[in-house]
Every structure is written in C-alpha cells, then in structure tokens.
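Novice: One predicted model, sequence on top.
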Amino acid sequence: MTAIRQNILVGDTARDQFLQGVVLLDQEMTGIRVVDLANFAQNNGIPLQFEGINQEVSTYDLFVFWHMIAAAFSLQVGNAAHGGPVFLPWHRMYLIRLEQELQRVLGDPDFGIPYWDWASDGEMAPEQQWRTELWSDLYLGEARGLVRSGPLGNMRVRLYQVPQTVRVTSDQPRPVWRQAALNAQSLPDRIDETSALAEQDYDLPPWSRFVTRGHRNALEGFLGGTTMHNLVHVWVSGDMLPMSSPNDPVFFLNHCNVDRIWETWMADNGQVYRPAANEGPSGHRISDRMLDVFGGDLAPADVLDPQEWYTYDTLLNV
Ligand SMILES: [Cu+2]
C-alpha cells in the first residue's frame with residue numbers, strides 16, 4: 001500500500017494520528033542512553049559534546065540525534081544533510097523513516113505524514129499568521145512559549161543543541177518551545193514558491209548555499225536572504241532554530257511541504273538530479289550513500305521516485 005500525504009488542515013484523521021504518533025514515539029524509551037550517542041558520534045568523528053549522559057532517550061529522540069549528527073558532519077560542501085544538493089533527498093529519506101515508525105506505532109501501514117502549506121498562511125497579514133487554527137490545541141498548540149496545550153503538550157525535549165555551538169544538553173526534559181513570528185515577520189508566500197519552482201536546474205556548481213540559481217538552493221532558502229525552508233525554521237523559532245530542530249514536530253510538517261514542492265518541480269522537469277556520479281562534491285553526488293544512523297543504504301538516486309512509499313493528495317498548480 002502507499003500512503004497518501006494530505007494537507008494537515010484537510011485531513012483530520014491524518015492530523016490526529018500524526019499528533020498521537022509523535023507522542024507515542026517520544027514516550028517509547030529505547031534503553032539507549034546519551035552516553036551511547038556520545039560514543040557513536042565520537043567513533044564517527046562527529047564533533048558534538050554531550051551533557052547529561054545518563055539520560056535515556058526515546059525513538060523520537062533518535063531522529064533528533066540523527067539530524068544533529070548529519071548537520072555536524074561537515075563535507076567539502078555543506079554537511080551531510082544541508083547546504084548542498086543532498087538537502088532534498090536526505091530529508092526525503094529522513095521523513096520516509098519517521099513515516100514508517102509512525103505507521104508501526106499507530107498500527108496503520110497506510111498512514112502518511114501531513115504537510116503544512118505555509119505559503120498559504122504567508123499570504124495573510126503578518127499579525128494573523130501566528131494566530132491561525134494551526135496554533136491551537138486542536139493542532140500544534142501554542143505558537144509562543146512552552147507548548148502545554150493539545151496533544152503536543154505531552155512531548156518532552158531531551159536533546160537540545162545550544163544554537164551555534166557543539167554543545168548538546170540532555171539533563172532536563174522540558175516541553176517544546178516556540179517563538180513564532182518574533183524573529184521573522186512573515187512566512188514565505190506564493191510568489192516565493194512560484195519563483196523556486198521556476199528554477200530550471202536542480203542544482204549547479206559550486207553546489208553550495210552560495211549558488212545564485214537552482215531549485216535546491218531556492219527551496220532550501222539561501223537565495224536572496226533567508227527564504228523558503230530556512231525562513232519557516234526562523235519564523236517558528238525556539239526549538240526550530242538549532243540543529244536539534246526535529247524536537248518540534250512542526251519540523252516534519254514543514255519538510256513534508258518542502259518535499260511536496262520538490263515533487264511538483266519534478267513533475268514539471270523530470271526526475272533529474274545533479275551532481276552526477278562523476279562530478280561535484282563527495283556526499284552530494286547521485287550515487288553517494290546518505291548518512292543514516294539506522295544503518296540504511298540509500299543514495300539520492302534511490303529516492304527520486306517516492307511512489308513505493310507515498311504520494312501527495314495534490315501537487316501545486318503552476
Ligand atoms: Cu534539516
């Protein structure tokens with residue numbers, strides 16, 4: 001069976017399952033302690049410093065850990081998950097993995113992660129954008145402060161990377177924290193989305209955050225200041241800012257939408273990816289294995305067609 005990923009504002013069942021599922025994964029303790037994670041990082045040459053090493057972590061925390069070490073794994077261009085061509089396929093793999101874990105705890109093999117169509121909210125006046133139903137107890141809970149209401153009031157953050165440092169604290173589990181619309185005025189809008197879709201190349205030299213064209217860099221959000229995916233992180237802020245950002249489940253709603261925009265681009269331009277195997281920086285090429293703490297073996301080429309895992313209810317009209 002194939003999961004159908006829906007707009008979170010449309011699919012009430014998918015919404016409730018998502019909120020329930022992430023809490024279940026967050027409460028599913030693994031027997032793994034922070035000291036084990038610290039050893040894994042050290043053995044792989046990843047420069048993160050862990051505090052609170054006796055804290056036990058959950059399945060959900062392992063996703064937070066996976067994202068942090070990928071971001072701390074520097075390559076010649078960007079890191080193992082950001083700042084280069086692999087950004088889109090890496091996060092596609094990452095979401096497929098979380099979707100499979102959610103399917104397992106929910107007992108529903110057809111469950112699909114919902115997406116947040118943030119450019120729709122970006123069309124509203126800035127002061128309205130953080131007062132929508134999405135930030136209520138039916139959905140994600142508080143837009144500002146500690147998240148105490150709604151299903152996500154039960155989430156606990158156990159691994160937090162202090163912004164711009166290699167320090168990961170883990171001694172005091174606490175609720176998810178947000179600062180919506182305080183560090184960025186507005187979400188991306190339809191014009192931003194349309195211009196990212198109008199880019200004709202997937203990516204091109206120098207393959208970094210400094211390329212001035214290309215769909216990947218436009219969608220990641222480095223073209224013309226902080227835009228698109230990056231801007232959504234900054235707009236939500238709080239736990240969405242540092243590399244432990246998957247602590248806030250809105251991370252997955254954002255990335256599901258990013259993935260849907262990429263899928264729209266491929267529907268228009270074909271399942272093309274660059275760099276090819278014989279060009280560009282190591283770790284970003286089409287056949288390079290992507291960093292996976294669960295021991296998977298996927299390269300960008302393996303995820304260009306997601307149909308064996310999921311489809312979207314609708315792609316964008318362009
Ligand atoms: Cu990321």
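Specialist: Done, it's in.

Novice: Can you show me the helices along this structure?
Specialist: Taking DSSP state H, the helices of the chain run over residues 12-27, 34-43, 59-72, 87-106, 118-121, 126-129, 190-197, 215-220, 228-236, 250-269, 300-303.

Novice: which of the ones you listed sits most buried?
Specialist: Greatest average neighbour count among the helices of the chain goes to helix 215-220 (a mean of 26), per mean count of other Cβ atoms under 10 Å. The way it works is simple: take the backbone N, C-alpha and C, and place the C-beta from them, glycine included.

Novice: contact partners of that one?
Specialist: 82-85, 87-88, 195-197, 199, 201-203, 208-209, 211, 223, 227-230, 258, 261-262, 265, 269 (Cβ atoms under 8 Å, 6 or more residues apart in numbering).

Novice: which residues of the stretch 201-318 of the chain score low on pLDDT?
Specialist: 318 (pLDDT under 70).

Novice: who touches residue 314 in this structure?
Specialist: residue 7.

Novice: what do you get if the cut-off is 10 Å, keeping everything else the same?
Specialist: Shown in contact with residue 314 (Cβ atoms under 10 Å, 6 or more residues apart in numbering): 6-7, 10, 117, 260, 264.

Novice: same check, this time on residue 178
Specialist: 130, 135, 140-147, 235-240, 248, 250.

Novice: Let's see which of these end up in strands.
Specialist: If you go by DSSP state E, these have 144-146 in strands.

Novice: and these as JSON lines, adding distance to residue 109 and pLDDT?
Specialist: Shown next, in JSON lines, are the ones in strands among the contacts of residue 178 (distance: Cβ to Cβ, whole Å; pLDDT from 0 to 100):
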{"residue": "144", "distance to residue 109": "37", "pLDDT": "98"}
{"residue": "145", "distance to residue 109": "37", "pLDDT": "98"}
{"residue": "146", "distance to residue 109": "34", "pLDDT": "98"}
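
Novice: Sort out which of those residues are buried, if you could.
Specialist: Buried members of these, scored by 16 or more other Cβ atoms under 10 Å: none.

Novice: Make JSON lines out of those and add distance to residue 61.
Specialist: Formatted as JSON lines, those follow (distance: Cβ to Cβ, whole Å):
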{"residue": "144", "distance to residue 61": "24"}
{"residue": "145", "distance to residue 61": "22"}
{"residue": "146", "distance to residue 61": "18"}
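
Novice: Distance to residue 313 added to the helices of the chain, as a markdown table?
Specialist: As requested, the helices of the chain are exported to a markdown table (distance: least, Cβ to Cβ, whole Å):
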| stretch | distance to residue 313 |
| --- | --- |
| helix 12-27 | 10 |
| helix 34-43 | 36 |
| helix 59-72 | 24 |
| helix 87-106 | 15 |
| helix 118-121 | 14 |
| helix 126-129 | 23 |
| helix 190-197 | 17 |
| helix 215-220 | 20 |
| helix 228-236 | 20 |
| helix 250-269 | 9 |
| helix 300-303 | 20 |
